[in-house]
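Trainee: Predicted model, plus sequence, below.
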Amino acid sequence: MRATRQGQQGGRVSIEAPMDASNVMLICPNGECERANRPVRTRSAVTDEGRKIRVCAKCGAEIPTAE
């Protein structure tokens, strides 16, 4: 924030705000993946039953959904 009056000190102000879901990255659950416990890009895959799932782009491990 800028100082609005003479003698007033300006500085950074922390404000909580909502975050869009597109800015969130998921974490790879595979412990042997080179990106384990770090954010990864995901890809979509279709299972044999025809269900669409998310998988890690590096190792292909399924990323479980929160239910």
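Mentor: Everything's here; your move.
Trainee: remind me which residues of the chain are low pLDDT?
Mentor: Applying pLDDT under 70 to the chain picks out residues 35-36, 67.
Trainee: what residue is smack in the middle of it?
Mentor: Met25 (2.0 Å; CA atoms, centre = their mean).
Trainee: My read is that that one contacts Pro39, right?
Mentor: Yes. Met25 lies in contact with Pro39 (CB atoms under 8 Å); the separation is 3.5 Å. In short, each C-beta sits where N, CA and C put it, glycine included.
Trainee: ok, back up a step: contacts only, for the residue nearest to the centre of the chain.
Mentor: Shown in contact with Met25 (CB atoms under 8 Å, 6 or more residues apart in numbering): 39-41.
Trainee: same thing but at 6 Å, please
Mentor: By CB atoms under 6 Å, 6 or more residues apart in numbering, the contact set of Met25 is Pro39.
Trainee: how close does it sit to Glu32?
Mentor: Distance of Met25 to Glu32, given as CB to CB, to the nearest Å: 19 Å.
Trainee: try Ala45
Mentor: Computed as CB to CB, the Ala45 to Glu32 distance reads 19 Å.
Trainee: Which one of these two is surrounded by more residues?
Mentor: Under the criterion of other CB atoms under 10 Å, the comparison of Ala45 against Glu32 puts Ala45 first, with 12 against 8.
Trainee: Could you measure from that one over to Met25?
Mentor: Separation of Ala45 from Met25 (CB to CB): 18 Å.
Trainee: Can you tell me how far Ile63 is from Ser44?
Mentor: Separation of Ile63 from Ser44 (CB to CB) stands at 11 Å.
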